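Student: for reference, the sequence and a predicted model appear below.
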Amino acid sequence: MKKDLKFNIWVRGGTSDATKIVQSLKDNLKDSINSINSVNNINNINLKIIVTTATDFGGEIAKINADKVISKPMPYEELKQKLITEEINYFIDATHPYAVKASDTGLKVCKELKITYIRYERPGSALEENLGKNDDKIIFAEDYEDAILKAFEFNKKESNIFFMAGIKNLKSVVELSETNGYDKNKIIARMLPVSVYEALKLLPSKNIVAMQGVFSKELNKHLILDYNCDVVITKDSGKSGGFYEKMEATKEAGATLIIVKRPVSKDSNEDSDLNQNYRLKFDKIEDLVDYFLNI
């Protein structure tokens, strides 16, 4: 007797990676439906992909390929109820490598509901064993607070600090600067245009660079020089996040690069059923798609 096969997939996104994952799943799973039906005695394959993002901006991008988009942060209980209501059986966490809290929440909900949890994390670039060994102008920071304190330590009196890490952590960086007696007006911050209103509460307009990337090495270099910055703060955002372009631009501009390390999920190193039974991890989109094609 033939059976139905359901792919009710929840993608926690808001990144360019998530958009590519959804598109690739749609294209490849649809293309393989006929062959799967004939070989595996399956009557019907239902494919539904729901994407959630923390912001409206991310939601607009996700609408291109998703069947449904939810644009708001989702705490534990709300996420749990949504997964039950939508009968989700696969959960793909494609959030930013620095969104540890969101990843931990998703992993725990999936464990409780016995949903397959799949983590996609873009490959990092700024590995300490490869960078900074022979270059005293590449420095690693444990978090954004550590980064801004180190930045002011290396910053020269007549120069500025370029914060290339988005709006999310700008408030804590500005507040910490003032608490420690530093001049916040030396901070130049780059963010998405949709974040300007929020940024204006923290910095004067002349210190705000509103642009949507990814940016070339040359553009990054010109911005660093034009804004007279001798220190740049960035995340290890990987190739897709333009990390290499920022690193090379900083080097050519003669500035010091401070890289905020990727945070480690508190569950990522546990030898428990949380990871063994419910956690799959990929750093290549094609490998993630192959997993679904071979279910």
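Tutor: Good, I have the coordinates.
Student: tell me the secondary structure for His96?
Tutor: coil (DSSP: H, G, I helix; E, B strand; the rest coil).
Student: residues in contact with the residue nearest to it when sequence neighbours are not counted?
Tutor: Leaving aside its chain neighbours, His96 sits nearest to Thr15 (5.6 Å; criterion: CB to CB, 6 or more residues apart in numbering). C-beta: built from backbone N, CA, C; applies to glycine. Shown in contact with Thr15 (CB atoms under 8 Å, 6 or more residues apart in numbering): 58, 94-96, 122.
Student: just Ile49 next, same as before
Tutor: Contacts of Ile49 by CB under 8 Å, 6+ apart are 7, 9, 11, 22, 25-26, 65-68.
Student: and the pLDDT at it?
Tutor: pLDDT, Ile49: 90.
Student: what's the helix or strand for it?
Tutor: strand 42-53 (DSSP states H and E).
Student: got the phi and psi for Arg190?
Tutor: Note on Arg190: backbone dihedrals following degrees, to the nearest 10 are phi -110, psi 130.
Student: relative to Ala199, how far out is it?
Tutor: Look at Arg190 and Ala199: by CB to CB, to the nearest Å, they are 10 Å apart.
Student: Ala255: how many residues sit nearby?
Tutor: 22 (other CB atoms under 10 Å).
Student: surely it is in contact with Asp230?
Tutor: Yes. Ala255 lies in contact with Asp230 (CB atoms under 8 Å); the separation is 5.1 Å.
Student: mind listing what Val264 touches?
Tutor: Here Val264 is in contact with Val100 (CB under 8 Å, 6+ apart).
Student: three-state assignment of it?
Tutor: coil.
Student: I'd like the distance between it and Val100.
Tutor: Shown here: Val264 relative to Val100, a distance of 8 Å by CB to CB.
Student: same check on Ile92?
Tutor: 17 Å.
Student: ok, the closest residue to Glu87 other than its chain neighbours - contacts?
Tutor: Of all residues beyond its chain neighbours, the one nearest Glu87 is Asn8 (5.2 Å), with distances taken as CB to CB, 6+ apart. Neighbouring residues of Asn8 by CB under 8 Å, 6+ apart: 46, 48, 50, 86-90.
Student: mind doing that once more with 6 Å?
Tutor: Shown in contact with Asn8 (CB atoms under 6 Å, 6 or more residues apart in numbering): 48, 87-89.
Student: now Ala151
Tutor: Ala151 neighbours (CB under 6 Å, 6+ apart): 161, 231, 233, 258.
Student: right, and the third one touches Ile259 too?
Tutor: No. In this structure, Ile233 sits apart from Ile259 without contact. The criterion is CB atoms under 6 Å, and the distance is 8.2 Å.
Student: just send the contacts of Thr15 back as CSV, with distance to Lys80 and pLDDT too.
Tutor: Shown next, in CSV, are the contacts of Thr15 (distance: CB to CB, whole Å; pLDDT from 0 to 100):
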residue, distance to Lys80, pLDDT
Gly58, 21, 63
Ala94, 19, 89
Thr95, 17, 86
His96, 22, 80
Arg122, 27, 78
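Student: nearest to Asp183 among these?
Tutor: His96 (29.5 Å; CB to CB).
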